[in-house]
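S.K.: Generate coordinates for the sequence data below:
(one chain, ligands or ions: 1)
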Amino acid sequence: MPVGTAGTVKAVSQDILEDLGAQIILGNTYHLYLRPGHELVRKLGGLHKFMSWERALLTDSGGFQVFSLSELRKVKEEGVSFRSHLDGTSHLFTPERSMEIQIALGADIVMAFDECTEHPAERERARTSMEMTLRWAKRSKDYFEAHKHECPWADRVIGRSGDRVIGKTEESVPAQPGAAAVHDSITKLTAPALFGIVQGGMYADLRRESAERTVEMDFPGYAIGGLSVGESRAKTMDMIAAVLEILPKDKPRYVMGVGYPEEIVQYAAMGVDMMDCVLPTRAARHGLLFTSEGRINIKNARYAQDQRPADPKCACRVCARYTRAYLRHLFVSAEPLAGVLNTVHNLAFYLDTMRSVRHAITLGDLSGILSGDVS
Ligand SMILES: [Zn+2]
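M.R.: This is a model prediction of the structure:
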């Protein structure tokens, strides 16, 4: 899932995201709550309508961003009080408040409010934090179940393509010629889905316990949070493996905030269904391109006369049209187009990587893709 922090995947317009085949993008509750504000977004018809994105949206709980404001926040049983990084004003996020905001934004997938345990954390601290996340998951679910039908698009319909028919009800979608066509082509959307989040620090037994007790609460999907926070990649994989043994295989399993292209292939092969990461977009704005030949830093002088595309094996619109020499020129000249083109290519590379993974899964053979052949 490309990350669209403030209602935009930075530097890329929605029509290009559609062309790239992005099926779902992520929005950040913390940022949208502060600016432009969830009530404004609700009033304007929800985030889909506001940003003109008819495909799926997932919002995070706001917890992770708030926890990263280390000096500006205070955690209590009730929730987390914090100061805005924009203007210093005081705010309180509770599980109930996080649900209220995400429902107002109109996300298709809402995340439970959790505490992202800091790293490193002693075992007792990780347990205490995990217990709080479980209590907050229960409070999130209670509030969500009572209010989920207040989302801006409840009882709207989606077309066969998966695209949302914004602002229309089932009755207002014109009937297709042919008897069963209407029921075949549209699906009624009733309410968003709430995913639970597994925590537990870097302790496999705490992770397993967190997974078991979260599954007991019966969510339609599960996320593994609090990873990729400075631990080794081997540790990340151990934690994911421990939790995947517990999480039901027939529900979406989502690892939050990962990772490099080779990592997401590995996690998918382990049984992870969903991932999000700012890496392809953030790295692009710093001139780092992911390619089938490895990472390249486009500002490097060696590309000044390089007539090849960023990635000779990539079929994206950037690689079809521009040379490394031109991309380097744009970047060193600080042209805004540099960020746009680099981001489009990196997202194409990530989305192509996942398409290759899905294809390999369909064929029942992941060995080629795990050995690094993602072409
Ligand atoms: Zn490309």
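
S.K.: Now residue 236. Nearest residue, chain neighbours left out?
M.R.: residue 227 (5.1 Å; C-beta to C-beta, 6 or more residues apart in numbering). (Each C-beta comes from the backbone N, C-alpha and C, glycine too.)

S.K.: That neighbour and residue 237, how far apart?
M.R.: Distance, residue 227 to residue 237, by C-beta to C-beta, to the nearest Å: 9 Å.

S.K.: ok, these two, which is more surrounded?
M.R.: residue 227 (26 against 15; other C-beta atoms under 10 Å).

S.K.: how many other residues sit next to residue 322?
M.R.: Around residue 322 there are 17 residues (other C-beta under 10 Å).

S.K.: Let me know whether it touches residue 341 as I believe.
M.R.: Yes: counting by C-beta atoms under 8 Å, residue 322 does reach residue 341; the two are 6.3 Å apart.

S.K.: Model confidence for residue 63, exactly?
M.R.: With respect to pLDDT, residue 63 scores 87.

S.K.: Hmm, I typed the wrong one, I wanted residue 312.
M.R.: Residue 312 is given a pLDDT of 97.

S.K.: swap in residue 333?
M.R.: pLDDT for residue 333: 98.

S.K.: Need phi/psi at it.
M.R.: phi -90, psi 0 (degrees, to the nearest 10).

S.K.: shift numbering so it begins at 24
M.R.: New numbering, starting at 24: the last item is residue 356.

S.K.: so how far is the ion from it?
M.R.: 21 Å (C-beta to the ion, to the nearest Å).

S.K.: Now do the strands in the stretch 174-323 of the chain.
M.R.: Counting by DSSP state E, counting those that start in this stretch, the stretch 174-323 of the chain has strands at residues 179-181, 187-192, 210-211, 216-221, 245-247, 276-278, 297-298, 311-314, 317-320.

S.K.: quick one: which of the ones you listed has the weakest pLDDT on average?
M.R.: When I compare these, strand 187-192 is least confident, with a mean of 52.

S.K.: Mind picking out the helix or strand in the protein with the poorest mean pLDDT?
M.R.: Least confident helix or strand of the chain, by mean pLDDT, DSSP states H and E, is helix 204-208 with a mean of 45.

S.K.: Would you verify that residue 141 is located in a helix?
M.R.: No: when classified by DSSP: H, G, I helix; E, B strand; the rest coil, residue 141 is found to be coil rather than part of a helix.

S.K.: Can you get me a residue count around it?
M.R.: So residue 141, with other C-beta under 10 Å, has 16 neighbours.

S.K.: and it, what does it touch?
M.R.: Residues near residue 141 by C-beta atoms under 8 Å, 6 or more residues apart in numbering: 90, 252.

S.K.: Please report the distance of it from residue 231.
M.R.: 21 Å.

S.K.: Please apply the same query to residue 304.
M.R.: From residue 304 to residue 231 the distance is 33 Å (C-beta to C-beta).

S.K.: residues in contact with whatever residue of the stretch 174-323 of the chain ends up closest to the ion?
M.R.: Of all residues in the stretch 174-323 of the chain, residue 314 sits closest to the ion, at 7.8 Å by C-beta to the ion. For residue 314, the contacting residues are 333, 334, 336, 337, 372, by C-beta under 8 Å, 6+ apart.

S.K.: Compare those residues and tell me which has the most neighbours.
M.R.: Neighbour-wise, the contacts of residue 314 (other C-beta under 10 Å) top out at residue 333, 28 neighbours.

S.K.: so it touches residue 342, yeah?
M.R.: Yes: counting by C-beta under 8 Å, residue 333 does reach residue 342; the two are 5.4 Å apart.

S.K.: Shouldn't residue 133 be within a strand?
M.R.: Yes: counting by three-state DSSP, residue 133 is located in a strand.
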